[in-house]
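Undergrad: I need the structure of the sequence given here:
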Amino acid sequence: MRDQSLVFGEWLSIFHFCAWAAQRFVFCKAERLKMGGDDSGMESDDFDWNSEDDREIENFQSSSRLSVPNGDAVTGSGEASSSPGSSNSKVLDHFVAMGFSQEMVSKVIQEYGEENEAKILEELLSYSALESSPQPQQQIEPDPSSSEYAGSSWDDLSDADISSSSDEYGKVVSENVVTLRSLVKMGYKQNEALVALERLGPNSSLEELVDFIYAAQKAKAEDTLLPPEEKLQYNDYKSNKRRFYELEVLGRKKPRGCEKKIICEDDEEALHLPNPMIGFGVPTESDFITHRSLPDDAVGPPYFYYENVALAPKGVWQTISRFLYDVQPEFVDSKYFCAAARKRGYIHNLPIENRFPLLPLPPRTIHEAFPLTRKWWPSWDPRTKLNCLQTCIGSARLTDRIRKAIENYDGDPPESVQKYVLDQCRKWNLVWVGRNKVAPLECDEVETLLGFPRNHTRGGGISRTDRYKSLGNSFQVDTVAYHLSVLKEMYPNGINLLSLFSGIGGAEVALHRLGIPLKNVVSVEKSEVNRNIVRSWWEQTNQKGNLIDMEDVQQLDGERLEQLISTCGGFDLIVGGSPCNNLAGSNRVSRDGLEGKESSLFFDYFRILDLVKNLTTKYR
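TA: This is a model prediction of the structure:
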């Protein structure tokens, strides 16, 4: 059974929201009537998100004020001044100060007694939120001292207006309580959800609220990945990853230090993204880092290389780093290698001296990559780079809407139209293909930007939708090849590769383009479409080595790995990029971090890597 204090806290938060929703609804109705507008509840979605709103989310609980019938102010923490005419009962005083009528509180206390405060609050909230005709003493009026209501007149609402809106009030409160609980269940914090509801209004849709909260999180994440506010606890981790701790690697106990760090680390520092995001250096920039020290456990071979999205939820990269032997991430944006951004983090134990890029260097601007677009590119579109390439594209309906919005003007469209068009072009990576015409990138254009050979994902019964999905989840080959280039001198006769979450073979293509022979490749990939793409590429490029493909990393246990190592003679490189489904900012529903269903597969990457390292030591 859940702790009673926790239940009480949840109901208190919901009450605060109910009170605010009622206050906001009636006030907004009054303002709309006063201004002569309709009461549709529709508001403009053109709002600005700035740094002040970040602080607003963080400080909402401490700064919010609710007006109560007796004129006292209730803070977000639940503290309130006492009413002079209240009962001597502390419990009655407590709930009257919250805004409930003395008559209602007395009635509930008589029925349930003073001992069970959680039950009292539950019943009071039921009366308040579900009552179709609220009594006058139950209505929450605006605080005249609040700056939000400066210049407004409550008298502008007649009694008839209030009475006619009572049913609607109950409906709005009830619906928004459900909305608040839905947002919390989706993983958003209560204070974030409350601020979003306050900014967008009680009639806003769930999708609009999620977009608003995501914009806040992304604005904060652009500059830094902060440490988690709540540390990952052993019991939470154990419940989801029991198999990891139950595993004994060939008789060896749990990996050294991992359990201790998960339980006891209280002093985690913020993980900052570099600006510019060039990692230890890129070919097109002058700043380079040529030396770094690795923890003893990370010194290879076998070498490992792990990739995932840079803008992951708080604390994700710290956790990944802890499991991968405390190696610090190298964050790189692929816009320094091609014409499209792709912010990724890479953790590896490869040398960083004497790297070299694939030649010829790929185009680095949109016009260099697609010169035919230059003719139609309007002067008011300043883009030179595309955003990160996604797994889906803009619809034909959207591009037609943009065409119609622009063609009504002889010259440049007004700024409002330009802003709308540019926002859509950036969001969907649309390019200009004719007069007033934009279009999404074709699959072969995406292949070029990502460094794959033309038609790499084409044919063999693969649909266009599957091609976009596979490409959107892949490596940017030029970036990865630059990091792996140090292996060419080390393995002139070829390399044995264990490729986990292979996708469409980004690592394999990178090594091949570097001129490193692929002796034995074990490719583990769940998608049959992607396995077919890799197999087709392997045959078309006349590879001389052996390709072994498997479906599921979770079935790759110690016994199977021992067989593979015995057959191949060991692995020189273990590459992987576990699914980012629960990490990527575009996920508005289940951005659960490493506890998510898909992204938790990272722990299988570490499990397999640690097995390989120990098996390699055994055979040597």
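
Undergrad: Can you give me every residue that contacts Phe337?
TA: By CB atoms under 8 Å, 6 or more residues apart in numbering, the contact set of Phe337 is Val282, Pro283, Thr284, Pro357, Pro362, Arg364, Gly451, Gln476, Asp478, Thr479, Tyr482. Using the backbone N, CA and C atoms, a C-beta is placed for each residue, glycine as well.

Undergrad: Which ones among these map onto helices?
TA: Cross-referencing the contacts of Phe337 against helices under DSSP state H gives Asp478, Thr479, Tyr482.

Undergrad: right, and the second one touches Val332 too?
TA: Yes. With contact defined as CB atoms under 8 Å, Thr479 reaches Val332; the gap is 5.9 Å.

Undergrad: overlap in contacts of those two?
TA: Shared contacts of Thr479 and Val332 (CB under 8 Å, 6+ apart): Arg344.

Undergrad: Which PyMOL command selects the buried ones in the contacts of Phe337?
TA: Restricted to buried positions by 16 or more other CB atoms under 10 Å, the PyMOL selection for those reads:
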select buried, resi 282+283+357+362+364+451+476+478+479+482
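
Undergrad: Go through the contacts of Phe337 and name the one nearest Val195.
TA: Ranked by distance to Val195 (CB to CB), the contacts of Phe337 are led by Gln476 at 35.9 Å.

Undergrad: mind listing what the residue nearest to that closest one when sequence neighbours are not counted touches?
TA: Leaving out its chain neighbours, the residue that sits closest to Gln476 by CB to CB, 6 or more residues apart in numbering is Ser334, at 4.0 Å. By CB under 8 Å, 6+ apart, Ser334 lies in contact with Ala340, Ala341, Arg342, Lys343, Arg344, Gln476, Asp478, Thr479.

Undergrad: Tabulate those residues (a markdown table), appending pLDDT and distance to Gln563.
TA: Below are the contacts of Ser334 laid out as a markdown table (pLDDT from 0 to 100; distance: CB to CB, whole Å):
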| residue | pLDDT | distance to Gln563 |
| --- | --- | --- |
| Ala340 | 96 | 40 |
| Ala341 | 95 | 42 |
| Arg342 | 94 | 36 |
| Lys343 | 94 | 38 |
| Arg344 | 95 | 33 |
| Gln476 | 97 | 33 |
| Asp478 | 97 | 35 |
| Thr479 | 97 | 33 |
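
Undergrad: Could I get those residues in TSV, plus columns for distance to Gln318?
TA: Listed next are those as TSV, based on distance: CB to CB, whole Å:
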residue	distance to Gln318
Ala340	28
Ala341	24
Arg342	22
Lys343	17
Arg344	17
Gln476	24
Asp478	28
Thr479	23
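
Undergrad: Among the residues you listed, which are located in strands?
TA: Using DSSP state E, the subset of those located in strands is Lys343, Arg344.

Undergrad: Show the secondary-structure elements that the helix or strand harbouring Leu197 is packed against.
TA: Using DSSP states H and E, Leu197 falls within helix 190-200. When contacts are defined as 3 or more CB pairs under 8 Å, 6 or more residues apart in numbering; DSSP states H and E, helix 190-200 packs onto helix 4-34, helix 51-58, helix 60-63, helix 166-185, helix 206-221.

Undergrad: any idea where the strands of the stretch 351-500 of the chain begin and end?
TA: Under the criterion DSSP state E, counting those that start in this stretch, strands of the stretch 351-500 of the chain are mapped to 431-434, 437-439, 495-500.

Undergrad: which of those is buried the deepest?
TA: Highest mean neighbour count of the strands of the stretch 351-500 of the chain: strand 495-500, a mean of 25 (counted as mean count of other CB atoms under 10 Å).

Undergrad: Which strands or helices does that one pack on?
TA: Against strand 495-500 (3+ CB pairs under 8 Å, 6+ apart) you get helix 506-513, strand 518-524, strand 573-576, helix 602-619.

Undergrad: As a markdown table, the ones you listed with mean pLDDT and mean neighbour count would be great.
TA: Formatted as a markdown table, these follow (pLDDT from 0 to 100; neighbours: other CB atoms under 10 Å):
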| stretch | mean pLDDT | mean neighbour count |
| --- | --- | --- |
| helix 506-513 | 97 | 24 |
| strand 518-524 | 96 | 22 |
| strand 573-576 | 96 | 26 |
| helix 602-619 | 88 | 19 |
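
Undergrad: Next, format those as a markdown table and append distance to Gln418.
TA: Shown next, in a markdown table, are the helices and strands packed on strand 495-500 (distance: least, CB to CB, whole Å):
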| stretch | distance to Gln418 |
| --- | --- |
| helix 506-513 | 36 |
| strand 518-524 | 46 |
| strand 573-576 | 43 |
| helix 602-619 | 42 |
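
Undergrad: between these, which one is nearest to Ala312?
TA: Nearest to Ala312 among those is helix 602-619 (10.4 Å), distances taken as CB to CB.

Undergrad: list the contacts for the nearest residue to Lys526 once chain neighbours are set aside?
TA: Distance criterion CB to CB, 6+ apart; nearest residue to Lys526, sequence neighbours excluded, is Glu551 at 5.8 Å. Listed by CB under 8 Å, 6+ apart, the contact set of Glu551 reads Val524, Glu525, Lys526, Arg531.

Undergrad: tell me which of those residues is nearest to Asp557?
TA: Nearest to Asp557 among the contacts of Glu551, counting by CB to CB, is Val524 at 12.3 Å.

Undergrad: residues touching the closest one, list them.
TA: Leu498, Ser499, Leu500, Phe501, Ser502, Asp549, Met550, Glu551, Asp552, Val553, Leu556.

Undergrad: Against Trp380, how distant is Asp549?
TA: 49 Å (CB to CB, to the nearest Å).

Undergrad: These two: who's more crowded?
TA: When Asp549 and Trp380 are compared for neighbours, Asp549 comes out ahead with 18 against 13, by other CB atoms under 10 Å.

Undergrad: got the contact list for the closest residue to the more buried one other than its chain neighbours?
TA: Excluding its sequence neighbours, the residue lying closest to Asp549 (CB to CB, 6+ apart) is Ser523, at 4.7 Å. By CB under 8 Å, 6+ apart, Ser523 lies in contact with Ser499, Ser502, Gly505, Glu508, Arg531, Val534, Leu547, Ile548, Asp549, Met550.

Undergrad: From these, list the buried ones, please.
TA: Among the contacts of Ser523, those classed as buried by 16+ other CB under 10 Å are Ser499, Ser502, Gly505, Glu508, Arg531, Val534, Leu547, Asp549, Met550.

Undergrad: hang on, the fifth one packs against Trp538?
TA: No. The criterion here is CB under 8 Å, and Arg531 misses it with Trp538 at 10.5 Å.
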